[in-house]
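1. Build me a model:
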Amino acid sequence: MTPRRTRTTAALIAAATVLGALAGCGADPKVHRATEALGTHGVKAVGPKPKPVEQGLPGMPPVLDPKDLYAADRPGKLSPVVKDFPSRVYVPNTESDTVSVIDPRTYKVIETIPVGNQPQHVVPSWDMKTLWVNNDKGNTLTPIDPKTGKAGKTVDVHDPYNLYFTPDGKYSIVMAS
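-> Predicted structure coming up:
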């Protein structure tokens with residue numbers, strides 16, 4: 001090696017050593033470092049442990065099992081309102097501005113419903129009596145009666161993408177995409 005390369009190599013090694021030492025100075029050992037895998041350190045809870053939900057929101061049915069989010073969503077547990085509704089799957093078709101209605105017993109499309117521009121989601125209302133198609137680019141919601149499968153008159157809503165209701169149906173919120 002030439003003297004110039006030796007000095008350059010020595011300078012690089014010295015710089016790397018100094019930087020490595022500085023990186024460890026005053027560092028909190030609990031803080032993530034680039035050489036550690038994410039999630040390898042546990043997270044300590046701050047304050048008292050939250051208690052499980054005993055009662056839900058006003059208008060909401062009672063919480064059946066605070067450890068099971070889907071406890072009330074088992075076969076035979078749905079609202080009595082839906083007991084006479086035919087079993088159907090509603091699939092929004094974004095490119096054709098339609099919703100396909102599928103019979104889950106036969107896996108066949110039994111109807112195609114024209115809706116607004118670029119339907120994204122089909123959401124049940126808070127009381128399960130209406131399905132709402134979120135027509136994102138059409139700025140509308142199309143109601144569908146799940147008992148008859150027929151579409152109703154569209155409702156103008158700016159940029160609907162997701163639709164949520166309070167448990168009592170008093171309020172709804174439309175999330176823009």
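2. any chance you could map the helices in the protein?
-> Along the chain, counting by DSSP state H, helices occupy 3-24.
3. so where is it shaky, pLDDT-wise?
-> 1-56, 177 (pLDDT under 70).
4. can you rerun that using 50?
-> For the chain, applying pLDDT under 50 flags the ranges 5, 8-12, 14-40.
5. Counting neighbours, what do you get for the nearest residue to residue 159 once chain neighbours are set aside?
-> Leaving aside its sequence neighbours, residue 159 sits nearest to residue 176 (Cβ to Cβ, 6 or more residues apart in numbering; 4.1 Å). C-beta: built from backbone N, CA, C; applies to glycine. Burial of residue 176, expressed as a neighbour count using other Cβ atoms under 10 Å, amounts to 10.
6. Pull the contacting residues for residue 176.
-> Taking Cβ atoms under 8 Å, 6 or more residues apart in numbering, we find residue 176 in contact with 158-161.
7. The closest residue to residue 154 other than its chain neighbours bridge partners, please.
-> Take residue 154 and drop its neighbours on the chain: the residue closest to it by Cβ to Cβ, 6+ apart is residue 140, 4.2 Å away. Assessed by DSSP bridges, residue 140 has beta-bridge partners residue 135, residue 156.
8. In this structure residue 140 contacts residue 160, no?
-> Yes - contact criterion Cβ atoms under 8 Å: residue 140 and residue 160 qualify, at 7.3 Å.
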